[in-house]
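Enquirer: Okay, sequence plus prediction incoming.
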Amino acid sequence: MNRAELIVGLQWGDEGKGKIVDHMAQTNDFVCRFAGGHNAGHTIVVSGRSYALHLIPSGVLNPNAKNIVGNGVVLSPADFIKEMAQFENLEGRLFISDKAHLLLPYHAQIDQAKEKLKGDKAIGTTGKGIGPAYSDKIARVGHRVGELLDPAKLAGKVVAYFEQNAQVFEVLGIVAPKYEELVTELEGYRKALAPFITDTTLLVWKAIDDGAKILLEGAQGTMLDIDHGTYPYVTSSTTVSAGACSGLGLAPKDLGKVTGIAKAYCTRVGNGPFPSEDLSSEGEILRKNGHEFGTTTGRPRRCGWFDAVAMKHAVRINGADQVALMKLDVLDGFEKVKVCVAYEVDGKEIDYVPYDLEDAKPVYKEFPGWEQTKGIRSFEELPETAREYITALEGMISTKIGIISTSPDRDDTIVRRG
Ligand code: GDP
Ligand code: IMO
Ligand code: MG
């Protein structure tokens, strides 16, 4: 039976999913996004040229792969259109689900206004409107991409929504859009996007039935999942592999191999617990060597050490068959490399993720470092201590590290056999 392969983030996002999806897309017929919105920033580097993708699936650089934006995604038409402009000949190889929810400019305004009101309790969102768009979807007051096909009707509904929530918008300082202007704006979106809007569920079913090779591209990471992450410091979608079913219209039995993506260390953008965060000069070195600044917002990413406890949690939730270990080269030159092997909570050592990760202190094990792995393309050529580090991680997370990445470039990727 034909099954779709999955790529998911195992940490707090930005693990390097884009690079691996692009690498695998070279041998896949379809690449499908199933969750998130333009809060995602997936970077792909091919022959020195860098592409930042937010909503368009990372298969777009393979001219033979078809790309699907599934119903589980929240789609900002304005941002999508901007992103499309980087590429040519998208018709026939890019498809948007008519059931995906629209993220309209007022969602971003609500997101930013609410974050401001929260003060020091802010989540540190990307400010793109993700939470408000998903909230509207769940509250059954959202609008779907299919509605773009009738701009006048959709504009009427949006104006009515503003009228119903006039007091809330007043408190947030958000001005209602004018009907005529809204029609013009939505008409622009319709013109640009109508050729791409379709029932993508039928498309993926057919692809599965035809035996096509399908890759499902996760966004964000497991620790940002609405249920399994560090709530409330999470995003508003199901980022884990289970979300691929509802976000595309697939059944669990349609899913095959799961590859979890993890950095050889750890980063987080925005607020919330991060037990293995390193606030010393070593964390600074990780940020500098790893260029750890957000692809979407440019914010500096918080940096720290590989967290084997959170990783075990993530591997289990996603059913990861293998892990792709990214950015090994960023650890080059460290005399010692640390791994968080347990947490200390209330004076006790635990080996699982507790209810509130805020209370967890890291227990570290140190490993000898190495000089250089950058650009190495075979496991055997890696320095011995780097190989020992990888083998030790495999033991701690009881999962094979089948892929190792040693630079941003597509080709600097070690795929281990067996
Ligand atoms: P994503 O959101 O999971 O797709 O990851 P991002 O693209 O936001 O962040 C990962 C960053 O690391 C990007 O700038 C990549 O180009 C870069 N990157 C990916 N793999 C490697 C690697 O093995 N080494 C180095 N040095 N950079 C990498
Ligand atoms: P990719 O796909 C890293 C974080 C934000 C914030 C929290 C909620 O590139 O890995 P949101 O705007 O979603 O309401 O913000 O989630 N966040 C990400 N962090 N990578 C991402 O995506 C992220 N998408 C959201 O920084 O802490
Ligand atoms: Mg990213």
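Expert: Now that the structure is in, tell me what you want to look at. Ligands and ions are numbered 1, 2, ... in the order given.
Enquirer: Could I get the contacting residues of Asp210?
Expert: Applying C-beta atoms under 8 Å, 6 or more residues apart in numbering, we find Asp210 in contact with no residue. C-beta here means a position set from N, CA and C on the backbone, and glycine is covered the same way.
Enquirer: From Leu202, how far out is it?
Expert: From Asp210 over to Leu202 the distance is 12 Å, taken as C-beta to C-beta, to the nearest Å.
Enquirer: What of Thr126?
Expert: 32 Å.
Enquirer: of these two, who's got more company?
Expert: Thr126 (24 against 10; other C-beta atoms under 10 Å).
Enquirer: Checking my notes, that one in a helix, right?
Expert: No - assignment of Thr126 by DSSP: H, G, I helix; E, B strand; the rest coil gives coil, placing it outside any helix.
Enquirer: secondary structure element for the closest residue in space to it that isn't next to it in sequence?
Expert: For Thr126, ignoring the flanking residues on the chain, the nearest one in space by C-beta to C-beta, 6 or more residues apart in numbering is Asn39 at 4.2 Å. Using DSSP states H and E, Asn39 is not contained in any helix or strand.
Enquirer: burial measure for Ala35, as a count.
Expert: Around Ala35 there are 30 other residues, counting by other C-beta under 10 Å.
Enquirer: Could I get the phi/psi values of it?
Expert: Backbone torsions of Ala35, given as degrees, to the nearest 10, read phi -160, psi 170.
Enquirer: contacting residues for it?
Expert: Listed by C-beta under 8 Å, 6+ apart, the contact partners of Ala35 are 70, 72-73, 218-220, 237-239, 243-244, 247.
Enquirer: Could you double-check that the residue nearest to Thr126 sits in contact with Gly131?
Expert: No - at 9.5 Å, Asn39 does not count as touching Gly131 under the criterion of C-beta atoms under 8 Å.
Enquirer: picking that back up, which ones among the contacts of Ala35 lie within helices?
Expert: Cross-referencing those with the helices (criterion: DSSP state H) gives 243-244 as the overlap.
Enquirer: will you turn the contacts of Ala35 into JSON lines that also has distance to ligand 2, neighbour count and pLDDT?
Expert: As requested, those are arranged in JSON lines below (distance: C-beta to the nearest ligand atom, whole Å; neighbours: other C-beta atoms under 10 Å; pLDDT from 0 to 100):
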{"residue": "Gly70", "distance to ligand 2": "15", "neighbour count": "28", "pLDDT": "98"}
{"residue": "Gly72", "distance to ligand 2": "13", "neighbour count": "26", "pLDDT": "98"}
{"residue": "Val73", "distance to ligand 2": "11", "neighbour count": "31", "pLDDT": "98"}
{"residue": "Gly218", "distance to ligand 2": "8", "neighbour count": "33", "pLDDT": "98"}
{"residue": "Ala219", "distance to ligand 2": "4", "neighbour count": "31", "pLDDT": "98"}
{"residue": "Gln220", "distance to ligand 2": "4", "neighbour count": "31", "pLDDT": "98"}
{"residue": "Ser237", "distance to ligand 2": "8", "neighbour count": "27", "pLDDT": "98"}
{"residue": "Thr238", "distance to ligand 2": "12", "neighbour count": "22", "pLDDT": "98"}
{"residue": "Thr239", "distance to ligand 2": "8", "neighbour count": "31", "pLDDT": "98"}
{"residue": "Gly243", "distance to ligand 2": "13", "neighbour count": "26", "pLDDT": "98"}
{"residue": "Ala244", "distance to ligand 2": "14", "neighbour count": "28", "pLDDT": "98"}
{"residue": "Gly247", "distance to ligand 2": "14", "neighbour count": "26", "pLDDT": "98"}
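Enquirer: Using a markdown table, please lay out the contacts of Ala35 together with distance to ligand 1.
Expert: Formatted as a markdown table, these follow (distance: C-beta to the nearest ligand atom, whole Å):
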| residue | distance to ligand 1 |
| --- | --- |
| Gly70 | 17 |
| Gly72 | 17 |
| Val73 | 15 |
| Gly218 | 9 |
| Ala219 | 7 |
| Gln220 | 8 |
| Ser237 | 14 |
| Thr238 | 17 |
| Thr239 | 11 |
| Gly243 | 16 |
| Ala244 | 16 |
| Gly247 | 17 |
